[in-house]
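> below is the sequence, then the predicted model.
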Amino acid sequence: MDSASSSLRNQVPTKRRIILFADPLIIDGVTAADGYIPLPILLAGTKARIFPWAETSFDDTLVVYWEQGGATQEIYRRNRPIGPLPPVFEVDISPGLMANNGIAFIYYVITAFGIDDPSPHKQLIIDHSQQDPVTDLPEVDFVKPVPTLWGYYNCDSSELDKGVSVKVPPLPVAQESDELTIEWSGYKSLNGYAGANDELVVSEAFFSSVHTLSTADVEKGLTRFFPYTPCVQPLVHGTNSALVVYRITRKGVLVGSSLPALIKVDRRRPGQSLPCFA
């Protein structure tokens, strides 16, 4: 870990309080004593857990705060109705809340019997730069044309001569303004095998595009299009295939890459010398 990350770990909160009701909260997946957050938690989000306090009144209020960079924001509020408390209060901590590197503090305030009681400030160290990317993000789906049950595009695949559309799934590891690079690579084999010395790679059948992600892309996924030329047109045999992979980068740093999605391509009809969609 670099010196900047080490300096983050050496900072400690200076706030003090008088304990009345509020016990320390816990964060799922954050076990380091200094609050260092592992990358999978930064990318997927997590939950803070607050356990019920011992003495309650009929109108207790629970408010959770996030403090970072000199700014404090309320991230959760619950006014307790009359009745028993739940066994635990769960508070979502989204990837967006943890998007900025640095030190953050999370704490809560109970208001009971007219008294405000803050919990201890839980220190969290956010550092995306020194951690490994996620390398098994879900693969894309081929959505147009729809492949056969055996995973083929063939001469009966409607509008194959226009190109291929794929659906990228929702991307919980990503954030708005991240870049998604998606690539199509063609092969002379049916299983995406490149050969011992890349002799089965169809170099002409390669296409790459870059897309800046929106919030909707991150939450719902997105559709990307691969044009007939150069993606499908060079695949002229009955033993062709293509692999589609995507990568997510943030300010030039790789965040994650997908598993390869395979489509087999057969453009030969029995007894005919020319490929269909020629």
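Everything's here; your move.

> please count neighbours and contacts with C-alpha atoms only from this point.
OK.

> from the chain's centre, how far out does stretch 67-80 sit?
24 Å (Cα atoms, centre = their mean, to the nearest Å).

> can you map out the helices along the stretch 151-278 of the chain?
Here the stretch 151-278 of the chain has its helices, by DSSP state H, counting those that start in this stretch, at 215-220, 228-231.

> same list (those helices) but as JSON lines, adding distance to Ser94, mean pLDDT and mean neighbour count.
Shown next, in JSON lines, are those (distance: least, Cα to Cα, whole Å; pLDDT from 0 to 100; neighbours: other Cα atoms under 10 Å):
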{"stretch": "helix 215-220", "distance to Ser94": "12", "mean pLDDT": "94", "mean neighbour count": "16"}
{"stretch": "helix 228-231", "distance to Ser94": "37", "mean pLDDT": "96", "mean neighbour count": "18"}
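
> any chance of these in TSV, with distance to Asp59 too?
Output for the helices of the stretch 151-278 of the chain, formatted as TSV (distance: least, Cα to Cα, whole Å):
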stretch	distance to Asp59
helix 215-220	36
helix 228-231	64
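
> closest one to Ser157 among those?
helix 228-231 (12.7 Å; Cα to Cα).

> give me the helices and strands touching the closest one, please.
In terms of contacts (3 or more Cα pairs under 8 Å, 6 or more residues apart in numbering; DSSP states H and E), helix 228-231 is packed against strand 163-168, strand 179-187, strand 201-212.

> looking at the helices of the stretch 151-278 of the chain, which is closest to Gly186?
helix 228-231 (7.2 Å).

> let's see the closest one as PDB, backbone CA atoms only.
Extracted in PDB, the C-alpha atoms of helix 228-231 (Å, rounded to 0.1, in the frame of the first residue of the first chain):
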ATOM      1  CA  TYR A 228     -22.200  -6.900 -39.500                       C
ATOM      2  CA  THR A 229     -19.000  -5.500 -40.900                       C
ATOM      3  CA  PRO A 230     -16.500  -6.200 -39.400                       C
ATOM      4  CA  CYS A 231     -17.900  -8.500 -36.800                       C
END
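
> what is the mean pLDDT for stretch 165-175?
Here stretch 165-175 scores 92 as its mean pLDDT.

> helix or strand with the lowest mean pLDDT in this structure?
helix 3-10 (a mean of 45; mean pLDDT, DSSP states H and E).

> toward the C-terminus, what is the element adjacent to that one?
The helix or strand immediately downstream of helix 3-10 is strand 26-27, counting by DSSP states H and E.

> quick one: distance of that next one to the chain centre.
21 Å.

> which residues touch that strand?
Here strand 26-27 makes contact (Cα atoms under 8 Å, 6 or more residues apart in numbering) with 46-50.

> make JSON lines out of those and add pLDDT, secondary structure and neighbour count.
Converted to JSON lines, the contacts of strand 26-27 look like this (pLDDT from 0 to 100; DSSP: H, G, I helix; E, B strand; the rest coil; neighbours: other Cα atoms under 10 Å):
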{"residue": "Thr46", "pLDDT": "93", "secondary structure": "strand", "neighbour count": "19"}
{"residue": "Lys47", "pLDDT": "93", "secondary structure": "strand", "neighbour count": "17"}
{"residue": "Ala48", "pLDDT": "94", "secondary structure": "strand", "neighbour count": "19"}
{"residue": "Arg49", "pLDDT": "92", "secondary structure": "strand", "neighbour count": "16"}
{"residue": "Ile50", "pLDDT": "89", "secondary structure": "strand", "neighbour count": "22"}
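
> including distance to Ile26, could those residues go into JSON lines?
As requested, the contacts of strand 26-27 are exported to JSON lines (distance: Cα to Cα, whole Å):
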{"residue": "Thr46", "distance to Ile26": "11"}
{"residue": "Lys47", "distance to Ile26": "9"}
{"residue": "Ala48", "distance to Ile26": "6"}
{"residue": "Arg49", "distance to Ile26": "5"}
{"residue": "Ile50", "distance to Ile26": "7"}
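
> the stretch 101-250 of the chain: strands as residue ranges?
Using DSSP state E, counting those that start in this stretch, the strands found in the stretch 101-250 of the chain span residues 102-112, 115-118, 122-126, 134-137, 141-144, 152-153, 163-168, 179-187, 201-212, 222-227, 240-250.

> strand partners of the second one, parallel vs antiparallel please.
Okay, so that is strand 115-118. Strand pairing for strand 115-118, determined by DSSP bridges: strand 102-112 (antiparallel).

> sorry, back to before: closest to Gly69 out of the helices and strands packed on helix 228-231?
strand 179-187 (25.4 Å).
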